[in-house]
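In: take a look and give me a structure for this.
(2 chains)
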Amino acid sequence: MKLLEIDNLHVTVDGKEILKGITLVIPAGEVHAIMGPNGSGKSTLSYALAGREGYEVTGGRVIYRGEELTGLSPDRRAALGVFLALQYPVEIPGVTTITFLKTALNAQRRARGEPEMDAMQVLKRVREKARALQISEDMLKRPLNAGFSGGEKKRMEILQMALLEPKLAILDETDSGLDIDALKLVASGVNAQRATDRAMLVITHYQRLLDYIVPDRVHVLAQGRIVTSGGPDLARELEQRGYGAVVEAA
Amino acid sequence: MTVMARRLSASGDVFQEDFARHLPEFPGAALDWLNARRRAAMDAFAVTGIPGRRSEAWKWTDLANVLDLGAFAPVVLQPSAPRDSIFPKQTNELTFSGGFLTQASVQSGIDVVDLAKLDAAVPGWVRDNLGTLAQGPDQPMGAASLALMRSGAAIRVRKDTSLQLVFSHAPSVRAHVSHSRILLIVESGVSLHLLENHRGTNAHGSLRNLGFELHLKPGSRLEHVRVQKDAADAMHLTSLGAVVQRDASYRALYTALGGQLARLDVNLRLDGAKAEAVIHHVAALAEGIADITSVIDHASPHTCSRQVFRNVVGGKGRAVNQGRVVVRHGAIKSDSHQLFKSLLLSPHAEADAKPELEIFADDVLCGHGTAIGALEADALFYLRSRGIPEPEAKLLLIRGFVAEAIGEFGDDAIRDALWRELETALAAVGAGQ
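Out: Predicted structure coming up:
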């Protein structure tokens, strides 16, 4: 089953076309990686899929579980099961992490017509998921991401993903700023969530992350287009030969 | 409405007229010492008259232009307003109606004197202190509240306790002016939790003019939580004068949640080693002006002050934050910081901020910062990308912005009550954007 089908997607930011016709299909249960040099449009693709304002779809379609995503608000997409782990998670002073998690979880449940969870139920569920990611009670009581280290922020993104149980998870440079131990921890958190009814799109600059989250397919993005696709070996080839050579050969 | 009989000049003639004509009828008129202080206060007031644009400290809150004193009715003892407080009833509580003390229920350890009934039997601690703070030319409206004082209370606290002051105002059919005073003395080593509430409806432009004198004796501690939510058509001025002596601590959370014009004018002196003042202020408004203007005077070495102001402004509201910190010659190791932040939720909302430092000592640590802006797009997208709808996401961010100033003031019951009040105010401001 095609979970996500992107067909000839064009996206403009501030009047400048960044994505120039992306076509990509991700079946349920698969993990796809998008690699590409800086400025190739990787983050633009992730924001466009999540519905961020200012990322204007000027052409093409994004079909998610049979439904057109384009035009839906970010919160509506989230309630439908789209999740974006940000490259730079935002610090939210004054809002404790646990309050935020409860608000997000219940907002999604409400949007789906499910009963809301009370504070104790949320806390119990959060604790279960937090343990594996080595997220402490103290972190949950602190304002969201405020003063968190790079690794803590990325683990918090993965905790949110574990809690919200999306059908499509987009991980935007989740490896950036992580040392090898933090990277392994985050990767194992992601791998634990691989499921037959869930698809993931892993966006990264480096091949390193893909040693730990092994993708089913790798796509290379350059100048707003996917220039070549292949299996996990493609990532290693990129690492050895560099983007320039691979993009040129394509 | 009747036609305004006459419009008053900025000089404050009406106050001076009232003073000249009614001094013999004021409470305590037989007390020479009080008359002398009233006269000195009237002189101090006369330096500026009703302050306005021409005075640097009032340039953003042009009272002279807003007050229509010609329309004011003379002060009267209002019919008792029902007790109106967002906080639960406290064991020790003073209730005021229109500035007049209407009920005092206090246990031993708290002395209370009704300032509307001052006579020759006035205790020494009142005579020694009443009218010694919030009475100078730097706080002209405070000076007026002393000169024209007709109501209020003097309070002395001699043991650890909590106390609530409930100021209510009966709805009025025309504009009134009330000049009231509070004198509060916290004795050496005593710890007091003070709740102060100002509420009202239908004010018809009435002016509540309160002078608040605060003496913190050595080693005392005061936690002061204040909620000012006057009628949307009321004007509220509080002039707070405070002296914090050595090893004493003043921690305050002020909220300004309603009124056509609300100004809190703080003049606080850290007058002894290790005296400290922590002042947090939250304003939420979609119309009118919410002004806090403070002067913190580090008069002694090893003193510490912290000021955190947060304003949430929607509609056509305007927040004013002015903070002057003075570090006197010899007040070494003074430590001071002020941070003023405003969140503007509408294109017509406005915030004016001016932190100032005057340092006459070496070896001090002083800092300040201001930030005025709209909700951050990054933060809003982040919350929405987690499924939180836009209005709820905005409210969460606004709440977070305010939460930093609410901090750990009060106990759970007080914070719950405060948050309920704030949520209502913030939702109203957010909705009016």
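
In: what residue in chain A comes nearest to chain B?
Out: Proximity of chain A to chain B (CB to the nearest CB) peaks at A:Gly94, 3.0 Å away. Where you see a C-beta, it was placed from the backbone N, CA and C, and this is true even at glycine.

In: show the pLDDT at the most centrally placed residue in chain B.
Out: Centrality entry for chain B: nearest residue to the mean C-alpha point is B:Leu264, 3.6 Å, by CA atoms, centre = their mean. pLDDT recorded at B:Leu264 is 98.

In: for it, what are its contacts?
Out: B:Gln228, B:Thr238, B:Leu240, B:Tyr254, B:Ala256, B:His281, B:Asp291, B:Ile292, B:Thr293 (CB atoms under 8 Å, 6 or more residues apart in numbering or on different chains).

In: tell me the one of those residues nearest B:Thr303?
Out: Taking CB to CB as the measure, B:Thr303 lies nearest B:Leu240 of those, at 17.9 Å.

In: element containing that closest one, please.
Out: Assigned by DSSP states H and E, B:Leu240 belongs to strand B:235-245.

In: how about B:Val113: which residues does it bridge to?
Out: Beta-bridge partners for B:Val113, by DSSP bridges, are B:Ala154.

In: that one: neighbour count?
Out: By the measure other CB atoms under 10 Å in any protein chain shown, the count of residues near B:Val113 is 21.

In: now the chain, which segments are flagged as low pLDDT?
Out: You didn't pick a chain, so chain A it is. By pLDDT under 70, chain A contains no weakly predicted segment.

In: look at chain B instead
Out: B:1-12, B:71, B:73-79, B:431-433.

In: quick check: residues of it near chain A?
Out: Residues of chain B lying close to chain A by CB under 8 Å from any CB of the partner chain are B:376-379, B:381-390, B:392-393, B:396-397, B:399-404.

In: please save the CA atoms from the biggest helix by length in chain B in CSV.
Out: Ranked by residue count under DSSP state H, the longest helix found in chain B is helix B:412-431. Extracted in CSV, the C-alpha atoms of helix B:412-431 (Å, rounded to 0.1, in the frame of the first residue of the first chain):
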residue,chain,number,x,y,z
ASP,B,412,-1.1,26.1,45.3
ALA,B,413,-4.5,27.6,46.2
ILE,B,414,-3.4,31.1,45.4
ARG,B,415,-1.6,30.1,42.2
ASP,B,416,-4.7,28.2,41.1
ALA,B,417,-6.9,31.2,41.7
LEU,B,418,-4.4,33.5,40.0
TRP,B,419,-4.2,31.2,37.0
ARG,B,420,-7.9,31.0,36.6
GLU,B,421,-8.1,34.8,36.6
LEU,B,422,-5.1,35.1,34.2
GLU,B,423,-6.6,32.5,31.8
THR,B,424,-9.7,34.5,31.6
ALA,B,425,-7.8,37.7,31.0
LEU,B,426,-5.4,36.2,28.5
ALA,B,427,-8.2,34.6,26.5
ALA,B,428,-10.0,37.9,26.4
VAL,B,429,-6.9,39.7,25.2
GLY,B,430,-6.1,36.9,22.7
ALA,B,431,-9.6,36.9,21.4
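
In: in it, what's buried?
Out: Neighbour counts over helix B:412-431 (16 or more other CB atoms under 10 Å in any protein chain shown) mark B:Ile414, B:Arg415, B:Ala417, B:Leu418, B:Glu421, B:Leu422, B:Ala425, B:Leu426, B:Ala428, B:Val429, B:Gly430 as buried.

In: run a quick neighbour tally on residue 105.
Out: By default, I'm working from chain A. Using other CB under 10 Å, A:Leu105 has 24 neighbouring residues.

In: can you look at chain B instead?
Out: Going by other CB under 10 Å, the residues that sit close to B:Ser105 add up to 13.

In: report the next helix or strand after the host helix or strand of A:Val218 in sequence order.
Out: Assigned by DSSP H and E, A:Val218 belongs to strand A:217-222. Counting by DSSP H and E, the next helix or strand C-terminal to strand A:217-222 is strand A:225-230.

In: other SSEs contacting that following strand?
Out: Secondary-structure packing of strand A:225-230 (3 or more CB pairs under 8 Å, 6 or more residues apart in numbering or on different chains; DSSP states H and E): strand A:16-27, strand A:217-222, helix A:233-249.

In: could you give the angle of the first one to strand A:225-230?
Out: Regarding strand A:16-27 and strand A:225-230, their directions subtend 30 degrees when assessed with axes from the mean of the first three to the mean of the last three CA atoms, to 10 degrees.

In: next, the buried residues of strand A:16-27.
Out: Result for strand A:16-27 [16+ other CB under 10 Å]: buried residues A:Glu17, A:Ile18, A:Leu19, A:Lys20, A:Ile22, A:Leu24, A:Ile26.

In: which SSE is immediately downstream of it?
Out: Following strand A:16-27 in sequence order, the next helix or strand is strand A:31-35 (DSSP H and E).

In: quick one, helices of the chain?
Out: No chain specified, so I'll use chain A. Taking DSSP H as the criterion, chain A carries its helices at A:42-50, A:74-80, A:97-111, A:119-132, A:137-141, A:150-164, A:180-191, A:208-212, A:233-249.

In: chain B, not that one
Out: So, for chain B - with DSSP H - the helices run B:13-22, B:32-48, B:63-66, B:124-129, B:140-147, B:377-384, B:390-406, B:412-431.

In: could you pick out the residues of chain A near chain B for me?
Out: A:50-53, A:73-75, A:77-79, A:83-84, A:86, A:89-90, A:92-95, A:99-100, A:103-104, A:107-108, A:111, A:143, A:160, A:164.
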